[in-house]
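Chemist: prediction below, plus the sequence it came from.
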Amino acid sequence: MKTYNIIISILAAAMVMTSCSADLLDQNPATTYSDETVLSTEESIRAVLMGGYSWASNYTPTTLGKISLDVMANDVSISDGSWGFPTYNWLMFAYNYVQYARETDGWWSNYAPYIWHHTYKSIDACNEIIYHADNLPAGSDDLLGQARALRAYNYTLLYNLFCQSYVAAGASGQGLFLRTAPGNTKEEDNPNRSDLGTSLKFILDDLLFGYENITNTDNTLITKGAAAIMLARIYMELGDYSSAQKYAETVSSFDGSDLMGQNNYTNAFSTINSEWLWGLHYTDQTSNIYASIPSFWYTAEAKDKDSKFGTPGYGTQTTYEYLEANGVNFLTGYSTVRIATNFVNMFKDGDCRKLFPFYIDAKDGYFTSKFRSSTSLGVNDYPLIRKAEAYLIEAECLIRNGNPAKGLLVLNTLQEVRNGSLSTEATIDEVWYERRRELYGEGTALIDLKRLQKPLERTDPCHWSDMKSLPANSPRMMYPIPADEIDYNPNATQADQNEYWR
């Protein structure tokens, strides 16, 4: 039974018990309410949709999923616990490429089922709305559009974590288990694993519907612009750069006026702002505290309180203290994400994105203050889609579509706003380097390795993992399909397991 059906049932029961009429005590069970009845008002549709957003923003798809997409690549690592930062094994197994289909050494050794479960919970809430689309009240187009775009976002996350890239495997590669009906219908509980061509077309169809119907402008939810960038991302995966460029161009004019300025960039990732097309808004009531994604980033401060970006000593070895708020020492969080020195050196001095205030020991890597906990542990907004990404998509598409001069201009516009090093060559690698500088910590690093067919190359001393390198398109660059899916889905077989994990 769905959570929202339970809520409706409780409310209905409460109404009965508080009524003065004895006749009202003789009612059909509240559980006989149909889904169509539950979804009969905009308020009830919105409640179901918010459930979908809640599942999608849970720490398993975000903290485990998003950080995995960074630490499984070249520039970011997880502290191994040797420097006074308790890790509790969080994300170390993902970083070390030793995730499993079944639990082997504690739950942290197999994140796959947790990400899988919560992502499909979000998909199920979306399906509840989409499945009954023909019976929704008039004026529900925006909510239906958000539901389809959110479903596409969830399936894209699963694609990024559990599938080989389309460019490597092609349309016939192993794709997703596409569930399209709510779980209580039993119609789509046990789908086959589809191929990548079918999977990405399904995602595109959802996003195109979302793009055409979303009118929401609250960027704590999916906006039309967010749907456009998600479309561009999928078209990039498919190698359809003309379509990717088309949707990137709906978001920006690429003159730099819609980007965050240098003066406010150091605080630009604390609160959702106008450059964000969609972001997670964590409050004291909605964060998972120690498990929320902000608690894994910057929760320490240099002893020199005047030390800030651009001042002498910024980015050097220093003493430190954990931040504290509301009487809680942030040591109770994790603060274990580290940045490799060779990545720090990819930024010129003066680049406002060079947010690496200090290190305890160079072998442990740098702290980054791009993300931080603000008023309380784990409370800080987190970007899912920003306008800056449109610049990077536009630049790459222009280069690929035979207009390198204009692509270089777009790329340099972004770099000028950030006071970064201007590129002199219009190449895909130049765009990739800039994507790394602009989007680090936002869950794009492994996606780019796979889409651009780059190898894993970890040469910095902070990389303690034995997994120092992998060839491009390695079958290890994805999580295993959870064992429960193979065991309990009668239409799944061991052949549906990802190659390395069979």
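Modeler: Structure's in. What do you need?
Chemist: need the three-state assignment for the most centrally placed residue in the chain.
Modeler: Closest to where the C-alpha atoms of the chain average out (CA atoms, centre = their mean) is residue 66, at 4.7 Å. Put simply, residue 66 is helix when judged by DSSP: H, G, I helix; E, B strand; the rest coil.
Chemist: now residue 497: how far from residue 101?
Modeler: 7 Å (CB to CB, to the nearest Å). Yep, even glycine has a C-beta here, placed from its N, CA and C like the rest.
Chemist: actually residue 474, not the one I typed
Modeler: Applying CB to CB to residue 474 and residue 101 gives a distance of 17 Å.
Chemist: which of those two has more neighbours?
Modeler: Taking other CB atoms under 10 Å, residue 474 and residue 101 do not tie; residue 101 has more neighbours (21 against 17).
Chemist: which one is that one nearest to, not counting chain neighbours?
Modeler: Nearest residue to residue 101, sequence neighbours excluded (CB to CB, 6 or more residues apart in numbering): residue 480, at 3.9 Å.
Chemist: returning to what we had before: what's the overlap in contacts for residue 497 and residue 101?
Modeler: 480, 481, 486 (CB atoms under 8 Å, 6 or more residues apart in numbering).
Chemist: closest one of those to residue 214?
Modeler: Distance to residue 214 across those (CB to CB) is lowest for residue 481, with 31.3 Å.
Chemist: residues touching that closest one, list them.
Modeler: Residue 481 neighbours (CB under 8 Å, 6+ apart): 101, 112, 116, 162, 193, 492, 496, 497, 498, 501.
Chemist: residue 163 versus that one, what's the distance?
Modeler: Look at residue 481 and residue 163: by CB to CB, they are 10 Å apart.
Chemist: swap in residue 373?
Modeler: Distance of residue 373 to residue 163, given as CB to CB: 33 Å.
Chemist: can you pull out the strands in this protein?
Modeler: For the chain, strands defined by DSSP state E occupy the ranges 76-78, 174-177, 193-195, 276-280, 300-302, 316-317, 320-322, 324-325, 328-329, 337-339, 358-359, 382-386, 456-457, 469-470.
Chemist: so for the residue nearest to residue 101, what's the pLDDT?
Modeler: Listed pLDDT for residue 480 reads 96.
Chemist: measure it to residue 67 for me?
Modeler: Counting by CB to CB, the gap from residue 480 to residue 67 is 18 Å.
Chemist: and if you look at residue 215?
Modeler: Taken as CB to CB, the span from residue 215 to residue 67 is 33 Å.
Chemist: residue 125 now?
Modeler: Per CB to CB, residue 125 is found 24 Å from residue 67.
Chemist: and these two? Which one has more around it.
Modeler: Per other CB under 10 Å, whichever of residue 125 and residue 67 has more neighbours is residue 125, with 29 against 24.
Chemist: let me know the pLDDT of the nearest residue to that one once chain neighbours are set aside.
Modeler: Nearest non-adjacent residue to residue 125, counting by CB to CB, 6+ apart: residue 52, 3.5 Å away. pLDDT for residue 52: 97.
Chemist: what's around residue 52, how many residues?
Modeler: Neighbours of residue 52 (other CB under 10 Å): 24.
Chemist: what does the one 3 residues further on give?
Modeler: Burial of residue 55, expressed as a neighbour count using other CB under 10 Å, amounts to 23.
Chemist: next: residue 100.
Modeler: Residue 100 has 18 neighbours, counted by other CB under 10 Å.
Chemist: can you tell me how far the residue lying closest to it once chain neighbours are set aside sits from residue 389?
Modeler: Closest residue to residue 100 apart from its sequence neighbours, by CB to CB, 6+ apart: residue 110 at 4.7 Å. Distance of residue 110 to residue 389, computed by CB to CB: 31 Å.
Chemist: same check on residue 76?
Modeler: In this view, residue 76 and residue 389 are 18 Å apart by CB to CB.
Chemist: please apply the same query to residue 46.
Modeler: Distance from residue 46 to residue 389, counting by CB to CB: 28 Å.
Chemist: again, but for residue 376
Modeler: Residue 376 is 29 Å from residue 389, by CB to CB.
Chemist: and those two? Which one has more around it.
Modeler: Between residue 376 and residue 389, counted using other CB under 10 Å, residue 389 has the larger neighbour count: 24 against 19.
Chemist: surely the more buried one is in contact with residue 434?
Modeler: No: with contact defined as CB atoms under 8 Å, residue 389 does not count as touching residue 434 (10.9 Å).
Chemist: what's the closest non-adjacent residue to residue 414?
Modeler: Nearest to residue 414 is residue 391, by CB to CB, 6+ apart, at 4.4 Å.
Chemist: and for residue 177?
Modeler: In space, residue 177 is closest to residue 191, 5.1 Å off (CB to CB, 6+ apart).
Chemist: so what's that neighbour up against?
Modeler: Residue 191 makes contact with 177, 178, 179, 180, 489, 491, according to CB under 8 Å, 6+ apart.
Chemist: of those residues, keep whichever come out buried.
Modeler: Buried residues within the contacts of residue 191, counting neighbours by 16 or more other CB atoms under 10 Å: 177, 178, 179, 180, 489.
Chemist: got the residues you listed as CSV, with distance to residue 230 and pLDDT columns?
Modeler: Below are the buried ones among the contacts of residue 191 laid out as CSV (distance: CB to CB, whole Å; pLDDT from 0 to 100):
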residue, distance to residue 230, pLDDT
177, 20, 97
178, 17, 97
179, 19, 96
180, 18, 95
489, 27, 94
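Chemist: mind putting those into CSV with distance to residue 278?
Modeler: As requested, the buried ones among the contacts of residue 191 are exported to CSV (distance: CB to CB, whole Å):
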residue, distance to residue 278
177, 25
178, 23
179, 23
180, 23
489, 31
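Chemist: of all those, which comes closest to residue 186?
Modeler: residue 179 (11.4 Å).
Chemist: and the residue nearest to residue 64 when sequence neighbours are not counted, how many neighbours?
Modeler: Spatial nearest neighbour of residue 64, excluding adjacent residues (CB to CB, 6+ apart): residue 111 at 4.7 Å. Neighbourhood size, residue 111 [other CB under 10 Å]: 23.
Chemist: likewise for residue 71?
Modeler: There are 24 residues near residue 71, going by other CB under 10 Å.
Chemist: do residue 169 as well
Modeler: Residue 169: 18 neighbours (other CB under 10 Å).
Chemist: same deal with residue 80?
Modeler: The number of residues near residue 80, taken as other CB under 10 Å, comes to 18.
Chemist: who's in contact with it?
Modeler: Contacts of residue 80 (CB under 8 Å, 6+ apart): 87, 92, 364, 464.
Chemist: max pairwise distance over these: which two?
Modeler: The most distant members of these, if one measures by CB to CB, are 92 and 364, lying 13.3 Å apart.
Chemist: find the least confident helix or strand in this protein, judged by mean pLDDT.
Modeler: For the chain, counting by mean pLDDT, DSSP states H and E, helix 3-18 ranks last in confidence among helices and strands (a mean of 35).
Chemist: so which pair among the buried ones among the contacts of residue 191 is furthest apart in space?
Modeler: Those two in the buried ones among the contacts of residue 191 that are separated most widely, counting by CB to CB, are 180 and 489, at 14.9 Å.
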